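>>> next one to model:
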Amino acid sequence: MTPLFSRKSIIPDTIKAIFSATIAFSLGGTAHAQPQSRPIPEKIIRVATRHFLPPYVYENAESGIEIDLVKAVFKESNFGIEFVQLPRIRMISSFEDNQLDGILTQNVKASNVGCATKWYIEHQNVALTVGSRQLKVDTLNDLSNFAVISFSGATRYLGKTFSDAVQLSRRYTESGDQGTHISLLYKGRFDVAVGDNWILRLAQKRHLDQTGEYMALDTHKVMPASHYVARFHDQEMCDAFDTALDKIRDNGAYNEIWASYRARIYVEAGMKPAPLP
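Residues are numbered from 1 along each chain as shown. Prediction:
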C-alpha cells in the first residue's frame, strides 16, 4: 500500500472554498458538505504475514480473513500498512532483527520481543486421519503413537502438551507447504496431519481439483482454538491496533468479515456448516 502525498496547496482556504462551491453550482446542483475523507496515514507500517494460505491469506496478500481483518483495523487508525509475505520462520527472524515494524499471527506466549496486541484471530487446529484406517486419536497424547506432520513452528505455537506428544511420536515433521500434507496422508507417508481445519480442508479440495484423488478424512478435535496476536516494536502501534480492533468488534465489521467468508468456505471445501468464531 503506497500512500499518495501531495504538496501543500498555496491557494488560501477561503479561495478554495469559493472555487469548490462555484464548481458545484455550475454542475447544476447545490453545494453540499461532503463526508470527511480518511486522513493520509501518518506512517506506513511494514508487517510480516504468511504466504498463500487460504482462507486466511490469498495471493499477494490482497485478501483473506486475516488480511481483511487487519486492513479493517488499520482503516480505523492513522497508520497505513504494507504486508510483507514471508515463510513463518523468516517472519519471526525479520521482526526480531528489527527489519519489520510488526508481525501477524503470533502466539502471545511464544515471544517477548516488542509488545503484543489483543488477540484478533483464531485458528481451530485439528488432527486429520484417513477415514478408512480408523485410527484412534482422542487426545493430544495419542499423537505419540503415530507419524505426524504439521505446519512450520507448530511446536512453538500449539503449546507444551502438543510438543511433548509429538516428541514421542514415531516420526514428526514440520512443513510450511500445508498443501502437500493431504497428499502425504493419502500416500501413507504420515498417519496424522495437524493444522487449521479450514486450511487443510481447502487444501484437500485443491488436491482433488488438481489430481482427481479423494479420500474421506476423519476430523479429531483434540485441542481448543488457538488465539493469535500481532506484535509491534512500538507500544504506540499496539495501543492503536487494540483501540481500532475494539471499534470494529463493536461496530460489527469484525463479524461481517468472518461471515463473508463462512458460506464460501463451506461450499468450496464441501464442509457441513458448524458454529464459527
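
>>> which stretches in the stretch 51-200 of the chain count as helices?
65-75, 88-96, 154-157, 160-167, 181-186, 197-211 (DSSP state H, counting those that start in this stretch).

>>> format these as JSON lines; extra columns: mean neighbour count, distance to R264 and mean pLDDT.
Where C-beta positions appear, they are placed from N, C-alpha and C, glycine not excepted. What follows is the helices of the stretch 51-200 of the chain, written out as JSON lines (neighbours: other CB atoms under 10 Å; distance: least, CB to CB, whole Å; pLDDT from 0 to 100):
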{"stretch": "helix 65-75", "mean neighbour count": "21", "distance to R264": "11", "mean pLDDT": "97"}
{"stretch": "helix 88-96", "mean neighbour count": "18", "distance to R264": "25", "mean pLDDT": "92"}
{"stretch": "helix 154-157", "mean neighbour count": "20", "distance to R264": "26", "mean pLDDT": "88"}
{"stretch": "helix 160-167", "mean neighbour count": "17", "distance to R264": "30", "mean pLDDT": "93"}
{"stretch": "helix 181-186", "mean neighbour count": "20", "distance to R264": "20", "mean pLDDT": "96"}
{"stretch": "helix 197-211", "mean neighbour count": "19", "distance to R264": "10", "mean pLDDT": "93"}
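
>>> go ahead and confirm T49 touches I81.
No. With contact defined as CB atoms under 8 Å, T49 does not reach I81; the gap is 9.8 Å.

>>> now the common contact residues for these two.
V70 (CB atoms under 8 Å, 6 or more residues apart in numbering).

>>> can you pull out the strands in this protein?
Counting by DSSP state E, the chain has strands at residues 43-49, 79-85, 102-106, 115-116, 121-123, 125-130, 147-150, 171-174, 192-196, 217-220, 226-232.

>>> contact partners of the fifth one?
Strand 121-123 is touched from outside by Y56, I65, E66, L69, T105, D196, I199, A225, S226, H227, Y228, P277, with contacts defined as CB under 8 Å, 6+ apart.

>>> could you chop this structure up by domain?
Split into domains by automatic domain parsing, the chain comes to 43-122+227-269, 125-220.

>>> A259 is nearest to which of the strands of the chain?
Each of the strands of the chain was scored for nearness to A259 using CB to CB, and the closest is strand 121-123 (14.7 Å).

>>> who does that closest one pair with, and is each partner parallel or antiparallel?
In the sheet, strand 121-123 lines up against strand 226-232 (antiparallel) (DSSP bridges).

>>> list the contacts of the residue nearest in space to the middle of the chain.
With distances taken as CA atoms, centre = their mean, the residue of the chain nearest its centroid is E66 (3.1 Å). By CB under 8 Å, 6+ apart, E66 lies in contact with T49, R50, Y56, V57, L104, T105, I121.

>>> distance to Q178, neighbour count and pLDDT added to the residues you listed, as TSV?
What follows is the contacts of E66, written out as TSV (distance: CB to CB, whole Å; neighbours: other CB atoms under 10 Å; pLDDT from 0 to 100):
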residue	distance to Q178	neighbour count	pLDDT
T49	15	24	97
R50	10	22	93
Y56	11	24	96
V57	12	23	96
L104	17	25	97
T105	14	24	95
I121	17	19	97
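
>>> quick one: pLDDT of S6?
What the model reports as pLDDT for S6 is 36.

>>> ok, Y266 next?
Y266 is given a pLDDT of 78.

>>> cool, and Y254?
97.

>>> is it true that it touches D246?
No. Applying CB under 8 Å as the test, Y254 and D246 come out as separate, 9.6 Å apart.

>>> of the two, which one has the most company?
The neighbour comparison of Y254 against D246 (other CB atoms under 10 Å) goes to Y254, with 21 against 14.

>>> listing request: residues of this structure with sub-threshold pLDDT.
1-42, 271-277 (pLDDT under 70).

>>> what about A263, neighbour count?
Neighbour tally, A263, other CB under 10 Å: 10.

>>> with that, I have no additional questions.
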